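Q: Model the following, please.
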Amino acid sequence: MSEIIFEVREDEADGGYTASALGYGIHTQGETLEELRAMVKDAVACYFDETMEAPKIIRLHIVREEILAA
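A: Model prediction:
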């Protein structure tokens, strides 16, 4: 496997960020983007043990939703 993609969303109510891997049961969170990056790396390392091929690239797809009043 060459890469894994995480969808990252900002928690507008409580603050912080959540990340979920597309196609895998990997989910994590962090208070800041810097903390989230570290948590994602740790979650990927825990999920892919020595019997599985770990991805070489971790891609974060940051989703931001904005609502505009008409």
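
Q: which stretches of this structure form strands?
A: Remark: strands assigned in the chain by DSSP state E are 3-10, 17-21, 27-30, 57-63.

Q: Among these, which comes closest to Leu36?
A: strand 27-30 (3.3 Å; CB to CB). Bear in mind the C-beta positions are built from the backbone N, C-alpha and C, glycine included.

Q: Hmm, Val8 is touching Val63, no?
A: Yes: Val8 lies in contact with Val63 (CB atoms under 8 Å); the separation is 6.5 Å.

Q: Which residue of these two possesses the greater neighbour count?
A: Val8 (20 against 8; other CB atoms under 10 Å).

Q: Would you mind listing the residues in contact with that one?
A: Going by CB atoms under 8 Å, 6 or more residues apart in numbering, Val8 touches 17-19, 36, 60-63.

Q: where does this protein have low pLDDT?
A: Along the chain, segments meeting pLDDT under 70 span 1.

Q: ok, back up a step: burial-wise, tell me which of the strands of the chain comes out on top.
A: strand 17-21 (a mean of 19; mean count of other CB atoms under 10 Å).

Q: Just checking: what are the partner strands of that one?
A: Strand 17-21 sits in its sheet next to strand 3-10 (antiparallel), strand 27-30 (antiparallel), going by DSSP bridges.

Q: any idea which residue sits dead centre in this protein?
A: The structure's the chain has its C-alpha centroid closest to Ala19; by CA atoms, centre = their mean the separation is 3.1 Å.

Q: Okay, and the beta partners of it?
A: As for beta bridges, Ala19 partners with Val8, Thr28 under DSSP bridges.

Q: Right, I'll leave it there.
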